[in-house]
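Enquirer: okay, here's the prediction I keep looking at, along with the sequence it came from:
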Amino acid sequence: MINPANIIGHLRTVTRHRNAVMANCFRAGIPFRGLVHDLSKFSPTEFIPGALYYEQGKRSPNEHEREIKGYSDAWVHHKGRNPHHWEYWYDVNPVTHRYEPVPMPADALKESFCDRVAASKIYRGKDYKDGDALAYFESKRKMESRMHPCTACILEKWLRMLAEEGEEKTFAYIRKIRDFKCHPEVCPKVSAWRELQDRRNAAE
């Protein structure tokens with residue numbers, strides 16, 4: 001039985017987060033992505049576990065569910081329906097025949113940036129600082145290393161700009177971006193990432 005207070009609390013947290021992301025998306029020049037952001041969280045598959053494992057909005061219920069069950073049904077459902085998560089962008093490499101990350105399109109990466117900034121504001125509350133989203137990214141460096149290096153490179157650049165130059169300049173910069181191209185043949189981060197993937201594959 002789910003505590004009714006948890007249902008209300010989770011609904012408020014999700015709604016606050018969605019509203020914050022929506023505002024960021026409008027500032028980033030992707031209003032439609034803001035309007036449809038995280039709608040899957042209101043589906044039974046995601047909302048019920050979200051309320052069941054709710055912890056007064058202190059952290060994601062997915063983390064709590066994962067600790068209890070070893071995995072999160074809500075997260076598995078969510079990441080496959082929301083292209084602003086880098087985990088969505090995995091496909092079979094026709095050369096290696098392994099699942100590997102591919103670069104995120106511009107609008108999806110913009111929404112990802114907006115999502116991270118909004119999440120930091122929601123969870124940090126009055127203690128929020130412009131450098132918090134970058135600090136979280138860096139704290140998850142091992143996990144984020146599974147992101148495509150071009151995606152990680154651009155996202156880190158935007159988060160660093162936010163930390164060092166503030167929201168107004170960063171959102172103005174992102175709003176002007178229409179597309180970007182990855183140049184793996186000249187990018188040192190791609191070379192380092194490929195070496196890491198080779199070591200991981202050799203260990204399997």
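Expert: Everything's here; your move.
Enquirer: quick one, strands of the chain?
Expert: For the chain, the strands defined by DSSP state E cover 90-92, 99-101.
Enquirer: ok, now how distant is the most far-flung residue of the chain relative to its centre from A51?
Expert: Most distant residue from the mean C-alpha position of the chain: M1, 30.4 Å away (CA atoms, centre = their mean). In this view, M1 and A51 are 11 Å apart by CB to CB, to the nearest Å. Quick note: C-beta positions are derived from backbone N, CA and C, even for glycine.
Enquirer: cool, V36 as well?
Expert: V36 is 22 Å from A51, by CB to CB.
Enquirer: the two: who's more crowded?
Expert: Ranked by neighbour count (other CB atoms under 10 Å), V36 and A51 place A51 first, with 20 against 13.
Enquirer: correct me, but the more buried one touches H10?
Expert: Yes: taking contacts as CB atoms under 8 Å, A51 lies within contact range of H10: 4.4 Å.
Enquirer: give the residues shared as contacts by the two.
Expert: Counting by CB atoms under 8 Å, 6 or more residues apart in numbering, the shared contacts of A51 and H10 are P61.
Enquirer: all helices for this protein, in order.
Expert: Taking DSSP state H as the test, the helices found in the chain are 4-28, 31-35, 44-52, 61-69, 73-79, 106-124, 132-139, 141-144, 149-165, 167-176, 188-203.
Enquirer: how far off centre is the second one?
Expert: Here the centre of mass of C-alpha atoms in helix 31-35, compared against the chain's by CA atoms, centre = their mean, to the nearest Å, lies 16 Å away.
Enquirer: for the longest one, same thing?
Expert: When distances are taken as CA atoms, centre = their mean, helix 4-28 is centred 15 Å away from the chain's centroid.
Enquirer: now the angle from it to helix 149-165?
Expert: Helix 4-28 runs at 90 degrees relative to helix 149-165, counting by axes from the mean of the first three to the mean of the last three CA atoms, to 10 degrees.
Enquirer: next, the angle from helix 4-28 to helix 61-69.
Expert: On the basis of the same axes, to 10 degrees, helix 4-28 is oriented at 130 degrees to helix 61-69.
Enquirer: packing partners of helix 4-28?
Expert: helix 31-35, helix 44-52, helix 106-124, helix 167-176 (3 or more CB pairs under 8 Å, 6 or more residues apart in numbering; DSSP states H and E).
Enquirer: again, only using 10 Å
Expert: Contact analysis of helix 4-28 by 3 or more CB pairs under 10 Å, 6 or more residues apart in numbering; DSSP states H and E lists helix 31-35, helix 44-52, helix 61-69, helix 106-124, helix 167-176 as its packing neighbours.
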